[in-house]
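Visitor: okay, here's the prediction I keep looking at, along with the sequence it came from:
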Amino acid sequence: MDYSLSFRVNSKIYLRDPESSELGKQMVKHAIDLIFELGFEHFTFKKLASVMNTTEATIYRYFENKHRLLLYILNWYWSYMEYLVVFQLEPVTDSRSKLEKLVELLTRDLPESAGQTDYNKNYLHQIVIAESSKVYLVKEVKEINQHEVFKPYKDLCERISRLIQAYDPSYLFPHSLSSTLIETSHSQLFFSMYLPKLTDCGTENKQVFVEKYLKDLLFTLLKGSL
C-alpha cells in the first residue's frame, strides 16, 4: 500500500512554509538534488533559482539563507529517521534485535518502500553523511538552538537512548551513545568513501563495514542479556 509522508518542520527555520505551495515543495526537492550534485559550499540560491526557472528573490521569500534551507532538509530527514525507527522496530520484540535493526537503519540507504515522497532518498542520505554537521558546527549554534530547531534530532537521540536502556539499564551514558552512533555512522561512511585510511574498511562493502563496526562498538560497551 502506497502512502505519502509529510512532517511538520519548526516554523522558525523558514520564512514561508515550503509545504504551503507547489513551488515551495519543488524548491526543497531541487535543493536536495543540487546540494548532492554540487556540495553545500558551491550551492547557491542563484543556482537553485536557475534550475527552477525562477528568481533568487522568490527563494528568499521562503528561506533567509542556504544554512536555513539545509537545516530544513535535515529536520525532515531526522523526523523521517525517527518514523523509520518506530515503524520498522515495532514488530521486533527482542531488545538486542531492535538495536541491531537500528544500526542497519543508520548505515544503509533509506528504504524506498517506507512512504512516498518527492525527495530523492539516496541523495538525501548522502547529503546527511557529508553535510549534516554544518548546521550545528557554527558559531551561532547556541542562539539557533534557542528556537528548538534541533528538536527532531534530539527526539531521535532520545528514542535511541531508550532502546539502549531497554537492552542495558545499567549503562550510564545512553544519550551520549545514541548521538555517537548517529554521528559515527555518518563520519565512518564518509571516511570509507573518501578517506579510507582513516578506517579499517579495506575492500569490504562500505555500508556493511560501518554496520559491523557500529554493532561491535555498541555491544562491546553494553552488557545486555546473554
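Guide: Perfect, thanks for sending it.
Visitor: can we go C-alpha only for contacts and neighbour counts from here?
Guide: Noted.
Visitor: just the C-alpha atoms of the helix or strand of the chain with the lowest mean pLDDT, please, in PDB.
Guide: None of the helices or strands of the chain scores lower by mean pLDDT, DSSP states H and E than helix 141-145, at a mean of 87. C-alpha atoms of helix 141-145 as PDB (Å, rounded to 0.1, in the frame of the first residue of the first chain):
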ATOM      1  CA  VAL A 141      24.600  27.300  17.400                       C
ATOM      2  CA  LYS A 142      23.500  28.500  20.900                       C
ATOM      3  CA  GLU A 143      21.300  31.200  19.500                       C
ATOM      4  CA  ILE A 144      19.900  28.900  16.800                       C
ATOM      5  CA  ASN A 145      19.200  26.200  19.400                       C
END
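Visitor: and that helix, how far from the chain's centre?
Guide: Centre-to-centre, helix 141-145 and its host chain are 19 Å apart (CA atoms, centre = their mean, to the nearest Å).
Visitor: can you list contacts of that helix?
Guide: Taking CA atoms under 8 Å, 6 or more residues apart in numbering as the criterion, no residue outside helix 141-145 touches it.
Visitor: pull out the buried residues from that helix.
Guide: For helix 141-145, the neighbour count (16 or more other CA atoms under 10 Å) marks residue 144 as buried.
Visitor: then stretch 7-23?
Guide: 9, 10, 13, 14, 16, 17, 18, 19.
Visitor: now the element after the least confident helix or strand of the chain, going C-ward?
Guide: Once the chain leaves helix 141-145, the next helix or strand it forms, by DSSP states H and E, is helix 151-167.
Visitor: give the next helix or strand downstream of that next one.
Guide: helix 174-194.
Visitor: ok, of the buried residues of stretch 7-23, which one's closest to residue 156?
Guide: residue 9 (14.4 Å; CA to CA).
Visitor: ok, now which ones touch that closest one?
Guide: 72, 75, 76.
Visitor: neighbour count for the residues you listed - can I get that in CSV?
Guide: Output for those, formatted as CSV (neighbours: other CA atoms under 10 Å):
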residue, neighbour count
72, 22
75, 22
76, 19
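Visitor: let's see which of the residues you listed end up in helices.
Guide: If you go by DSSP state H, these have 72, 75, 76 in helices.
Visitor: pLDDT and distance to residue 216 for the residues you listed - can I get that in JSON lines?
Guide: As requested, the ones in helices among the contacts of residue 9 are arranged in JSON lines below (pLDDT from 0 to 100; distance: CA to CA, whole Å):
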{"residue": "72", "pLDDT": "95", "distance to residue 216": "33"}
{"residue": "75", "pLDDT": "93", "distance to residue 216": "29"}
{"residue": "76", "pLDDT": "93", "distance to residue 216": "29"}
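Visitor: pick out the most distant pair among the buried residues of stretch 7-23.
Guide: 13 and 19, at 12.9 Å, using CA to CA across these.
Visitor: quick one: the helices in the protein?
Guide: Under DSSP H, the chain gives helices at 22-38, 45-52, 56-60, 66-89, 95-107, 121-131, 141-145, 151-167, 174-194, 206-221.
Visitor: average pLDDT for the third one?
Guide: So that's helix 56-60. In this model, helix 56-60 has a mean pLDDT of 96.
Visitor: other SSEs contacting it?
Guide: If contacts are counted by 3 or more CA pairs under 8 Å, 6 or more residues apart in numbering; DSSP states H and E, helix 56-60 sits against helix 45-52.
Visitor: got the angle between the helix it packs on and helix 22-38?
Guide: Between helix 45-52 and helix 22-38, the angle comes out at 110 degrees (axes from the mean of the first three to the mean of the last three CA atoms, to 10 degrees).
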